[in-house]
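# predicted coordinates and the sequence they were generated for:
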Amino acid sequence: MELARVEGNVVATAKSKRLEGYKLLLVQLLEPDLKETNKFVVALDTVGAGEGEVVIIVRGSSARQSEKLTNVPTDTSIVAIVDTLEMHGKVLFRKHHSE
Amino acid sequence: MRLGRIIGKVWATVKDPKLDGTTLYIMQPVNEADQPTGMPVVAVDTVGSGENDLVYWVGGGDATVPFEDRSIPSDVTIVGIVDHLETE
Amino acid sequence: MIIGKVIGNLVATQKHYSYQNKKLLLVKPIDLQDRKEKDVIIAVDTVDAGVGDKVLVMSEGNSTTEELGFERRQPLRSIVIAVIDHIEHHNASG
């Protein structure tokens, strides 16, 4: 799984019926120290992630194993919203709960 | 299966219910000489490993089936902690 | 899933049976930030997309098998699964 930041929404009217009701988010991949990479992918949201949030994405056939996805066509899904990230014993990131 | 070194931890309250009860770590894939290979990833732990542990893991579709009774949305799953490693 | 632009059609006579009666599109991945050239993807159309459309390409074999109505796994991986109306993104032009 990889870390990513939600950067936008992808809006599509003509799409697979099985995608109806799901949110497609544009995410930018991050390195584990949260440095931005130049890679973007579109991920199916399963946890209600919002713009600017740091999330965990899962790829490949594993992306379909989320509890909320049965027979949904996806190769990339958001499965968690990161609260805190710690590396080598140091807190690198903590989500703001103010909003 | 491949080797990895746990270098960090991720906390997430909002997550797929199937991930409840697992621990999410930042893991650096390493070779048999404990040298980093590629970028660290987020890995699901199923065996109770801890910070700095040398572990082995499965990737891709195989990562979804560590439990007999349920599948999980993971593409990197830690399936063992290395006690001892011997190389030529 | 990745975002791409349909740049052409692909027609083949000799092909695996799973590709019978499938419209194949050539999709060029759109770069949202890095300026690197990306290889063109060949994808089966499921949403009536055409040349010039901005589309969403999904590449996962099991999903594709189901989406195309096959009973068992076929050597098919990428499908065009949506035509994108717009992308709300503050940094990249898309």
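Nice, thanks for sending it over.
# tell me the bridge partners for the residue nearest the centre of chain B.
What sits nearest the mean C-alpha location of chain B, by C-alpha atoms, centre = their mean, is residue B:78, with 2.8 Å. Under DSSP bridges, the beta-bridge partners of residue B:78 are residue B:45, residue B:57.
# quick one: it and residue B:50 touch, right?
No. Contact criterion C-beta atoms under 8 Å: residue B:78 and residue B:50 do not qualify, at 10.8 Å. All C-beta atoms are positioned from the backbone trio N, CA, C, and that covers glycine.
# what is in contact with the two at once?
residue B:6 (C-beta atoms under 8 Å, 6 or more residues apart in numbering or on different chains).
# quick one, strands of the chain?
No chain specified, so I'll use chain A. A:2-11, A:23-30, A:36-45, A:54-59, A:76-81, A:84-87, A:90-94 (DSSP state E).
# look at chain B instead
B:2-11, B:23-30, B:41-45, B:54-59, B:76-81.
# same list (those) but as a markdown table, adding mean pLDDT.
Conversion of these to a markdown table gives the following (pLDDT from 0 to 100):
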| stretch | mean pLDDT |
| --- | --- |
| strand B:2-11 | 94 |
| strand B:23-30 | 95 |
| strand B:41-45 | 95 |
| strand B:54-59 | 92 |
| strand B:76-81 | 92 |
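# quick revisit: what's the most buried one of the strands of chain A?
strand A:76-81 (a mean of 27; mean count of other C-beta atoms under 10 Å in any protein chain shown).
# that strand vs chain C: in contact?
Yes. Contact of strand A:76-81 with chain C (C-beta under 8 Å from any C-beta of the partner chain) involves residue A:76.
# packing partners of that strand?
strand A:36-45, strand A:54-59 (3 or more C-beta pairs under 8 Å, 6 or more residues apart in numbering or on different chains; DSSP states H and E).
# need these in JSON lines with distance to chain C and mean pLDDT, can you?
Putting the helices and strands packed on strand A:76-81 into JSON lines (distance: least, C-beta to the nearest C-beta, whole Å; pLDDT from 0 to 100) gives the following:
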{"stretch": "strand A:36-45", "distance to chain C": "4", "mean pLDDT": "94"}
{"stretch": "strand A:54-59", "distance to chain C": "9", "mean pLDDT": "96"}
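# CSV for these, including distance to residue B:36?
Shown next, in CSV, are the helices and strands packed on strand A:76-81 (distance: least, C-beta to C-beta, whole Å):
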stretch, distance to residue B:36
strand A:36-45, 17
strand A:54-59, 21
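# wait, which of those strands is closest to chain B?
Nearest to chain B among those is strand A:54-59 (5.0 Å), distances taken as C-beta to the nearest C-beta.
# who touches the closest one?
A:1-6, A:27, A:29-30, A:34, A:41, A:43, A:47, A:49, A:65-66, A:75-82, A:85, A:93, A:95, B:10, B:12, B:15, B:24, B:42, B:73-75.
# so what strands line up beside that strand?
Counting by DSSP bridges, strand A:54-59 is paired with strand A:2-11 (antiparallel), strand A:76-81 (antiparallel).
# dump those strands into a markdown table; add distance to residue B:87 and mean pLDDT as well.
A markdown table is the format used below for the strands paired with strand A:54-59 (distance: least, C-beta to C-beta, whole Å; pLDDT from 0 to 100):
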| stretch | distance to residue B:87 | mean pLDDT |
| --- | --- | --- |
| strand A:2-11 | 29 | 96 |
| strand A:76-81 | 35 | 96 |
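# which phi and psi does residue A:13 have?
phi -90, psi -50 (degrees, to the nearest 10).
# report the separation between the nearest residue to it once chain neighbours are set aside and residue A:10.
Beyond its immediate neighbours in the sequence, the residue positioned closest to residue A:13 (C-beta to C-beta, 6 or more residues apart in numbering or on different chains) is residue C:85, lying 5.5 Å away. Distance, residue C:85 to residue A:10, using C-beta to C-beta, to the nearest Å: 9 Å.
# one more: residue C:27?
Taken as C-beta to C-beta, the span from residue C:27 to residue A:10 is 15 Å.
# what residues does the spatially most central residue of chain A make contact with?
For chain A, the residue sitting closest to the mean C-alpha position, by C-alpha atoms, centre = their mean, is residue A:78 at 3.3 Å. Contact partners of residue A:78, counting by C-beta under 8 Å, 6+ apart, are A:4, A:6, A:25, A:27, A:43-47, A:49, A:55-57.
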